[in-house]
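J.: requesting a structural model of the entry that follows:
(3 chains)
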Amino acid sequence: MKFTAAQLAERLQFDLQGDGDVMLEGVNDLRKASPGELSFLASAKYLPFLRDTAASAVIMRTAQLADCPPGVTALITSDPYLGYARAAQLLYPPRRYAPGIHASAVVDASASVDESVHIGAHCYIGAGVALEHSVVVLPGCVIEDGVRIGAGTVLEPNVTLMSNVVVGEGCLLHSGAVIGGDGFGFANDQGEWVKIPQLGGVRIGNDVEIGANTTIDRGALEDTVISDGVKLDNLIQIAHNVRIGRDTAIAGCTGIAGSTVVGERCAIGGGVGITGHIEIADGVMVTGRSFVAQSIPEAGSYSSETPLQPTGKWRRNYLRYRELDDIARRLKKLEGKLQEADDE
Amino acid sequence: MKFTAAQLAERLQFDLQGDGDVMLEGVNDLRKASPGELSFLASAKYLPFLRDTAASAVIMRTAQLADCPPGVTALITSDPYLGYARAAQLLYPPRRYAPGIHASAVVDASASVDESVHIGAHCYIGAGVALEHSVVVLPGCVIEDGVRIGAGTVLEPNVTLMSNVVVGEGCLLHSGAVIGGDGFGFANDQGEWVKIPQLGGVRIGNDVEIGANTTIDRGALEDTVISDGVKLDNLIQIAHNVRIGRDTAIAGCTGIAGSTVVGERCAIGGGVGITGHIEIADGVMVTGRSFVAQSIPEAGSYSSETPLQPTGKWRRNYLRYRELDDIARRLKKLEGKLQEADDE
Amino acid sequence: MKFTAAQLAERLQFDLQGDGDVMLEGVNDLRKASPGELSFLASAKYLPFLRDTAASAVIMRTAQLADCPPGVTALITSDPYLGYARAAQLLYPPRRYAPGIHASAVVDASASVDESVHIGAHCYIGAGVALEHSVVVLPGCVIEDGVRIGAGTVLEPNVTLMSNVVVGEGCLLHSGAVIGGDGFGFANDQGEWVKIPQLGGVRIGNDVEIGANTTIDRGALEDTVISDGVKLDNLIQIAHNVRIGRDTAIAGCTGIAGSTVVGERCAIGGGVGITGHIEIADGVMVTGRSFVAQSIPEAGSYSSETPLQPTGKWRRNYLRYRELDDIARRLKKLEGKLQEADDE
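T.: Now for the predicted structure:
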């Protein structure tokens, strides 16, 4: 797509300084941009690149206008990174797929498929599935019986949705995601595991994004719930009966154990482990690789983990960790001894 | 399925108190249950919900009978959670699939497929594959040459089994699982990695469950072995030549490096990392997110990991961790000094 | 394949001692080998097994010749493990697949497919895809529009390559790998996440191996880059704009966050977490489960993590960790106090 700077400014409510007629056909980094491209200045540390950029227009804050070279059109907004996101969405709209069902797809006769839906090669659509307006299902996806998918949702190739899964509107599910596999529930009978039938489903809200090879298990009795606007990165494990509040974002390789409730607008880093049966308040940030073993009742930023060191030095500290409680007790004793000496 | 309380009691060897003729058609949580549903009381902390439940029957211990409301049939057993698992299995038997091979499936002429087997759309079954009685292969699965699968095993959609994989009877493999990919084995030639052909296979016993997107690599020379009754959750990595003993359960996101031997009846939490070439005894429990760098020769519960803190406070401790050995040495020196002073 | 010991010695530049005419048809462990098999002695700790081996030939160092039994042919090289890798590659060459496109595969008319290429059942090959000489695409793979794959590269079943992905020659991509999914990029608009279109691609060099269910995201503006000779194990997450230098190997379950640059010839252990926007020098080794939160400017071995302990003992140290900075400060104070006392 192409827009003039003035058209973008109008659509996205940017202020404009400079040539509004310059035509913008792409986006790029300040250093890499060519004429005809739009760029953005999200942080003051990139100011030197602004002065030398070949971009035709740059999204920036008012405070940065003084550094904008004369030939560059300034698009002014209070949050240039957000402005860039919105402008890039206009310049690079999602690919559109022609309605229709590929001849090699297998669609159960009882499925309800809107005529605007695109179904790619080798897909399987089970009994009673409902695909609403403009749903896109790319090659190799398997949608088991009874799944419902809301308007505009896109399934990248090789996604699997098991029965009793409901996906809202405007979602994007990346390749290899598995939604609705059994939760990991067993009772123990003298050492042998007895499977507990997993009878719940998975309910996914609107505008949810789910990363590649991420897995979300069905609930044991009730549903696992992913609320509107949640963004999940790749290789995340969401266990049965987890509930994630709206607009929470979770980075890759994080695992959340069963029945945990994560609040709204949380930001969970990558590689985080969250134990089961706890509650995390709204607005909690957990930094990457942290281990969350207890409920977090208040918003704020939380962390765990120990620092990287050269292996030789690390090993000595690693071994000492086992004495940490002992160290604390001995220190307290010494303090007491010296206090006594002082008191005498 | 439907059963009267008396029928369930007979089949599962529960004692019964109350109306044995009440018909049970489903299971539910004590708080959510409606008439016609069965519930269970696994822990004394749910006793208040027992008094108000609308369930028609509840599985409980003898000790809890006093709290059972008059209109509720009590099914009495020493382990109500286990009793619930068995009752739910009766009320919700696994789905049955009609025998037959979907027209879109590709089955090599040399494959041996029992006539009771169900093969779904777009499956691929390679040369010499053997599928025994009542095996179910759901859409999109790929089974490479020579794989053997025992009676009653179910492959959810999009599972991949590479050649030289043997799966026992009564197993359940969830979507996206990959069994029999190459182990990660390379020799180094002046900086360049030289692949070591991975010549072993994977042997999976009976009654094994393997979670969604879990990967189990083939052995280098001998087989990787998953024993009878093992339960693996989602997104687990089992490296080449690992051997896991019977009835061991492993939660999601755990990784086990090459040639490690895990004993029988172990319970390994989620997100655990287990190094290669070690041995873990029978009956070991490892709590979630622990790091196992050495053999564990004795049964018991083991843990590692550090606690979550507000990020600001955490950072100070994080930095100090690098001084831990130094702290221990300095403390010892102070203790010595004070001891000397005492001795004088 | 079969070779005489003399043929192997000639091809692989081994020295030979003993019968060069002995025919070798397989490889095995020293303890398990039968006549007709080749074995190797990589470490002095296996010397006792050399004396009793039934192998017909063994790859070893000169220093071990004294322990070689009379009936065993010695193949002598300075690195027996590397020698074994090369010999096993000769004895077990990769499977060859007949050229041709399976009737059930869907190949876009605009794709350029060399006539030596093998495409398996139920594959989808999009518009403008280019598959060079001897590429192998096994069942269930989806290759989206415009992907290019170099000569001799093999895709195991159920691999997904999204558009704007380029794969070099001689690569091996294991099942379930997803290359070119969107990077995890969002701007925040008053709590709501706004997707940043991911416009870059993924460039994979020659001789790269990518493990089962590993995910590599496309770049935001520029490409994500995996250089020649890189080896990635299973269930690894490579975020957008990461660049990995040549001949670096990374073990399973490791995650690398966005825009991080990993050097050449690095060895990254399993379960490692590497934060975004940092640089790791060439020749860095990171031991398993470490957490890398800052750039590593120098070659060497690095570690983090805390030790496993019995859970009861661990809990006391776990709780004390929160006091570590306080402990350090109190210790310093005590030292000061005693120093003062000494000075008086």
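J.: quick one: average pLDDT of the longest helix along chain A?
T.: If you go by DSSP state H, chain A has its longest helix at helix A:324-343. Helix A:324-343 shows a mean pLDDT of 90.
J.: list the buried residues for stretch A:279-293?
T.: Within stretch A:279-293, the residues that count as buried by 16 or more other C-beta atoms under 10 Å in any protein chain shown are A:280-293. Where you see a C-beta, it was placed from the backbone N, CA and C, and this is true even at glycine.
J.: TSV for the residues you listed, including pLDDT?
T.: Converted to TSV, the buried residues of stretch A:279-293 look like this (pLDDT from 0 to 100):
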residue	pLDDT
A:I280	98
A:A281	98
A:D282	98
A:G283	98
A:V284	98
A:M285	98
A:V286	98
A:T287	98
A:G288	98
A:R289	97
A:S290	98
A:F291	97
A:V292	98
A:A293	97
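J.: which strands or helices does the longest helix of chain A pack on?
T.: Helix A:324-343 sits against helix B:324-343, helix C:311-320, helix C:324-343, with contacts defined as 3 or more C-beta pairs under 8 Å, 6 or more residues apart in numbering or on different chains; DSSP states H and E.
J.: of all those helices, which one is nearest B:I125?
T.: B:I125 lies closest to helix C:311-320 among the helices and strands packed on helix A:324-343, at 46.3 Å (C-beta to C-beta).
J.: what about that closest one, average pLDDT?
T.: Mean predicted lDDT for helix C:311-320 stands at 94.
J.: output that helix as CSV, nothing but the C-alphas.
T.: Presented in CSV, the C-alpha positions along helix C:311-320 are these (Å, rounded to 0.1, in the frame of the first residue of the first chain):
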residue,chain,number,x,y,z
THR,C,311,13.6,-30.0,49.6
GLY,C,312,13.6,-29.3,53.4
LYS,C,313,17.2,-28.0,53.5
TRP,C,314,16.7,-26.1,50.2
ARG,C,315,13.7,-24.2,51.6
ARG,C,316,15.8,-22.6,54.3
ASN,C,317,18.4,-21.4,51.9
TYR,C,318,15.8,-20.3,49.4
LEU,C,319,14.3,-18.0,52.0
ARG,C,320,17.6,-16.7,53.1
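J.: buried ones in it?
T.: Quick answer for helix C:311-320 (16+ other C-beta under 10 Å): C:311, C:314, C:317-318, C:320.
J.: next step: the buried residues of stretch A:279-293 restricted to strands.
T.: A:280, A:284-286, A:291-292 (DSSP state E).
J.: circling back to that earlier point, out of the helices and strands packed on helix A:324-343, which is the most enclosed?
T.: When these are scored by mean count of other C-beta atoms under 10 Å in any protein chain shown, the highest mean neighbour count falls to helix C:311-320 (a mean of 17).
J.: the buried residues of stretch A:279-293: which ones sit near chain C?
T.: Contacts with chain C within those, counted by C-beta under 8 Å from any C-beta of the partner chain: A:288-289.
J.: tell me which two of the buried residues of stretch A:279-293 sit farthest apart.
T.: A:D282 and A:R289 (22.5 Å).
J.: what parts of the stretch 1-150 of chain A come near chain B?
T.: Counting by C-beta under 8 Å from any C-beta, the stretch 1-150 of chain A sits next to chain B at A:104, A:106, A:122, A:124, A:140, A:142, A:144.
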